[in-house]
Every structure is written in structure tokens, then in C-alpha cells.
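1. below are the sequence and a predicted model for it; my questions follow.
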There are 2 protein chains.
Amino acid sequence: MKLPTKILENAVTEISKLPGIGKKTALRLSLYLLKKDLQFSKDISKAINDLKEKTTFCHVCHMICDEGKCYCQNESTSINRELLCVVEDTPDVLAIQNTNYYNGLFHVIGGLISPIDGIGPENLNIESLVKRIDKGEIKEIIFALSPTLDGDTTSFYISKKLSKYNLKITTISRGIPIGGEIEYADEITLGKSISSRINYNLEQ
Amino acid sequence: MKLPTKILENAVTEISKLPGIGKKTALRLSLYLLKKDLQFSKDISKAINDLKEKTTFCHVCHMICDEGKCYCQNESTSINRELLCVVEDTPDVLAIQNTNYYNGLFHVIGGLISPIDGIGPENLNIESLVKRIDKGEIKEIIFALSPTLDGDTTSFYISKKLSKYNLKITTISRGIPIGGEIEYADEITLGKSISSRINYNLEQ
């Protein structure tokens, strides 16, 4: 794709570095920006800059937070402080919060143990998790990690680390997704959902 | 969608103002930016700022151009300076250039006459087009406007304006797209493609 100016070319190159945005989309966005007024571009570029420059991460739960105001330290909210959900990354926190089924604390470990990618337990926020549990306030820990080899390895490693504490350790249930059809479920999921079957409850 | 911080919320709001980008995509892009280093965000926000602040438009052809260096004024390139293609907007120029079938000048009129949207000839770069033709260098003018009511109105208006000049006036051909199937073509296109049939040429 030949572009008429270096500046446009630069914008297309930079924007197309974002995931899921190809050169054609980047060009469409660039030309859209050119049509809008200057303030429009300024607002977007400022928001992008601020995001990286001003965002802070909580040193307790490792979630994105407004400076000095992480929800996990806000005693006035009605969070169940005995429940802690371990997740891989921020989007998982948002996804779980948006279900409205969970009202406890979170701990973002920042990845999964993956020997192939050279990610070991020391690269993740596991030490700080152990410290949190050590305080004795938390009664139950829920693993909400992806049901993959890396996710299972990570859950296993953490549960070993926490075995000396008197904790209830659970994991989110795995099975056929709501609305999914049995016919099309993969064999492993279907097998697991039979072997880990649950009591049928009319009120569920 | 509840978001944990004002800064993230602001980034999602701003990014989702771009066309074709919803809140979910904006969140995905924001979290991606947070994972990358600071320079990555800085490069993108600078490119977006530069785009609007430093881009100049040629006062002759109204295309985006590097300052003082529009291709239409660059005498050293092998452009056919007797041929002028009238287009609605910049993407059309890029699309036509990328076909490699055209090697003439362009004139971006910046829209189409559309009484419904309150866009009249005075809002478009038509006066400057007449001035260009008035210099007498251009021998043929090609309308490459969308085959819609507004496009046809605009072509008609411009051709009237230019009727006093000794110009060959053409329009891009309309018909069944290459690879399109006759069965699925709309009736108007198919009718037009029959009524404006062309001589069959073995070398075509």
C-alpha cells in the first residue's frame, strides 16, 4: 500500500501495531482522525499516554488502581474479605466482576507458569499471595485460571505453597458452557463434566 | 461494564470513539497498551497527534501532502498531466493509485453534493477545480465518484460548470464487478451494464 505522506505512513504503522488492527483498518482510522477536529486527536493521544504514565498497580492485589485507592484496601465497601480469587490478569478480574456472582477479593498473579515460555513461579506475583494468606484473614481461595496445562500447573504449584495454611481451596467449575450443545462439546470437557458431576438441585 | 480506574475508563471512552471500535475492543487495546512499555504508547499517541497537527493539504489538488511537496506539483515524476481524475475523498485516491491503472492527476472535491445533508457545491472544492481546468493544460477529466444519486448529481453539476472548456469528460465504467455473478447482480446494475455494453475485444 503506497501512502502519500510520511506522517500518514507513520500513523498507519503505529496504529497497526495494536492487536487485531491491520494496515487497512489503521488507514481507515487515520483518515477518520484527519476528518475530525484537532481536539479529538489530542483527547485520544492524551488518554493513551495517561494510561501508561499515570496508571498504578496495587502492591497488594496487583490490579490496576487509582493512586492510593485500590478497592481491595477500601474498608468501607461491602467486600467479603474472607474470599480471595486468584486470576491470571486484569481482564479476568473485570470479567468476573461483571458477572455479579462474586463479591470477594482478587489476586492478579500476572501470568501462568509456562516452562516453554521461560515463565517460572518467581516471575509471578505468588510470593505476595503467600504473604496475604499468611495474615490469616482469608478463609477460602478460589483458582480462576484457564483450564489449560499452564493453568493447571500454576494452580497445583500455588496449592502446594499454601498447603500449610488452614484454607479451603476451590477452583471454578469446568464443564459444558451454558447454552452449549452436548453434541458439539469436545470429548475432554464432556468426560470431565461427567466425572465431576454435581448433585441436581431444583433451585439451582 | 464497570472499570476499576478513571484513567482506564477514560482511555476506553476515547478509543471507542473511533469508528468500528466498541467498548470491548477499546478495553482489549487499553490492556494491551498497559502491558507494553511506555515508549510503545508514546509512539502511538505522538503519531496520532502529528497526523492532525502536521498534516497539510495541497491547495491545488486538496490531497494530504508532505509540506510543500505535493506529488501534483512535482514536475520530475512521470505523471500524465493532461489527465485529471475527480474523486470524493483521499481514500479514493489511494484506492485508484493502488490499482496501477492510472497515472494522471487527481482532484479531491471533499464530499458530494447532498441537499439532504445540506452540502451544496460551495462546500466542495469545485471552484479550485474550475481554476485548474482554466489553465488549459488538462485535456481529459474523469469522474470517479460513487454511482449514487449524490455522486451523479455532483458529476452533473461539475460537467455543467466545465461545459465551456474544450474537454473530454469521461466517467469510470459501471457494471458487474469482476468475479461477480450475473445471477446475484442487482437489476439496476445489470440493466445499466447491458444498455452501456462495450465492444468485445479479444485483447481486453
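-> Yep, that arrived.
2. pull out the buried positions in the helix or strand of chain A with the lowest mean pLDDT.
-> Least confident helix or strand, chain A: helix A:187-195 with a mean of 84, by mean pLDDT, DSSP states H and E. If you call a residue buried by 16 or more other C-beta atoms under 10 Å in any protein chain shown, then helix A:187-195 has these buried ones: A:192-193. Where C-beta positions appear, they are placed from N, C-alpha and C, glycine not excepted.
3. shaky segments in chain A?
-> Applying pLDDT under 70 to chain A flags residues A:1, A:68, A:202-204.
4. any idea of the angle the helix ranked longest in it forms with helix B:38-54?
-> Longest helix in chain A, counting residues (DSSP state H): helix A:38-54. Put simply, helix A:38-54 runs at 170 degrees to helix B:38-54, going by axes from the mean of the first three to the mean of the last three C-alpha atoms, to 10 degrees.
5. which strands or helices does helix A:38-54 pack on?
-> With contacts defined as 3 or more C-beta pairs under 8 Å, 6 or more residues apart in numbering or on different chains; DSSP states H and E, helix A:38-54 has these neighbours: helix A:23-35, helix B:6-15, helix B:23-35, helix B:38-54.
6. is the third one in proximity to chain A?
-> This means helix B:23-35. Yes: applying C-beta under 8 Å from any C-beta of the partner chain, one finds that helix B:23-35 is in contact with chain A at B:25, B:27-34.
7. how distant is that helix from the center of its chain?
-> The chain centre lies 30 Å from the centre of helix B:23-35; the measure is C-alpha atoms, centre = their mean, to the nearest Å.
8. outside of that helix, which residues touch it?
-> Contact with helix B:23-35 is made by A:18-20, A:48, A:51-52, A:55, A:64, A:89-91, A:94, B:1, B:3, B:8, B:11-16, B:21, B:40-41, B:44, as judged by C-beta atoms under 8 Å, 6 or more residues apart in numbering or on different chains.
9. let's see it at 6 Å
-> Residues external to helix B:23-35 that are found in contact with it (C-beta atoms under 6 Å, 6 or more residues apart in numbering or on different chains): A:18-19, A:51, A:90-91, B:1, B:8, B:11-12, B:15-16, B:41.
10. surely residue A:83 touches residue A:141?
-> No: judged on C-beta atoms under 6 Å, residue A:83 makes no contact with residue A:141 at a distance of 8.1 Å.
11. how many neighbours does the nearest residue in space to residue A:120 that is not next to it in sequence have?
-> In space, and not counting its chain neighbours, residue A:120 is closest to residue A:113: 6.5 Å by C-beta to C-beta, 6 or more residues apart in numbering or on different chains. By other C-beta atoms under 10 Å in any protein chain shown, the residues close to residue A:113 number 24.
12. returning to what we had before: between residue A:83 and residue A:141, which one's more packed in?
-> Neighbour comparison, residue A:83 and residue A:141: the larger count goes to residue A:141, with 24 against 18 (by other C-beta under 10 Å).
13. tell me which element that one is part of?
-> Element membership of residue A:141 [criterion: DSSP states H and E] is strand A:140-144.
14. skip ahead from that strand and say which helix or strand is next.
-> As assigned by DSSP H and E, the chain's next helix or strand after strand A:140-144 is helix A:149-161.
15. buried sites along that following helix?
-> A:150-155, A:157-158.
16. repeat that for stretch A:25-40.
-> A:25-31, A:33-34, A:40.
17. can I get the residues you listed in TSV with distance to residue A:108?
-> Listed next are those as TSV, based on distance: C-beta to C-beta, whole Å:
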residue	distance to residue A:108
A:25	30
A:26	30
A:27	36
A:28	34
A:29	30
A:30	34
A:31	38
A:33	33
A:34	38
A:40	33
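18. list the residues that contact residue A:114.
-> Listed by C-beta under 6 Å, 6+ apart, the contact set of residue A:114 reads residue A:150.
19. picking up where we left off before, and the least confident helix or strand of chain A, what does it pack onto?
-> Packing partners of helix A:187-195 (3 or more C-beta pairs under 6 Å, 6 or more residues apart in numbering or on different chains; DSSP states H and E): none among the helices and strands.
20. keeping just the C-alphas, turn it into CSV.
-> C-alpha atoms of helix A:187-195 as CSV (Å, rounded to 0.1, in the frame of the first residue of the first chain):
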residue,chain,number,x,y,z
GLU,A,187,-14.5,-35.1,24.4
ILE,A,188,-12.3,-34.0,27.3
THR,A,189,-14.7,-31.3,28.5
LEU,A,190,-17.6,-33.8,28.2
GLY,A,191,-15.7,-36.5,30.0
LYS,A,192,-14.7,-34.2,32.8
SER,A,193,-18.2,-32.8,33.2
ILE,A,194,-19.5,-36.4,33.7
SER,A,195,-16.7,-37.5,36.1
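21. what does it rub up against?
-> The contact list for helix A:187-195 (C-beta under 6 Å, 6+ apart) reads A:174-176.
22. buried subset of the residues you listed?
-> Buried subset of these (neighbour count, 16+ other C-beta under 10 Å): residue A:175.
23. out of the contacts of helix A:187-195, who's nearest residue A:198?
-> Ranked by distance to residue A:198 (C-beta to C-beta), the contacts of helix A:187-195 are led by residue A:175 at 8.7 Å.
24. next one: phi and psi at that closest one?
-> Main-chain torsions, residue A:175, degrees, to the nearest 10: phi 170, psi -160.
25. which non-adjacent residue is nearest it?
-> What sits nearest to residue A:175 in space, not counting adjacent residues and going by C-beta to C-beta, 6+ apart, is residue A:193, at 3.7 Å.
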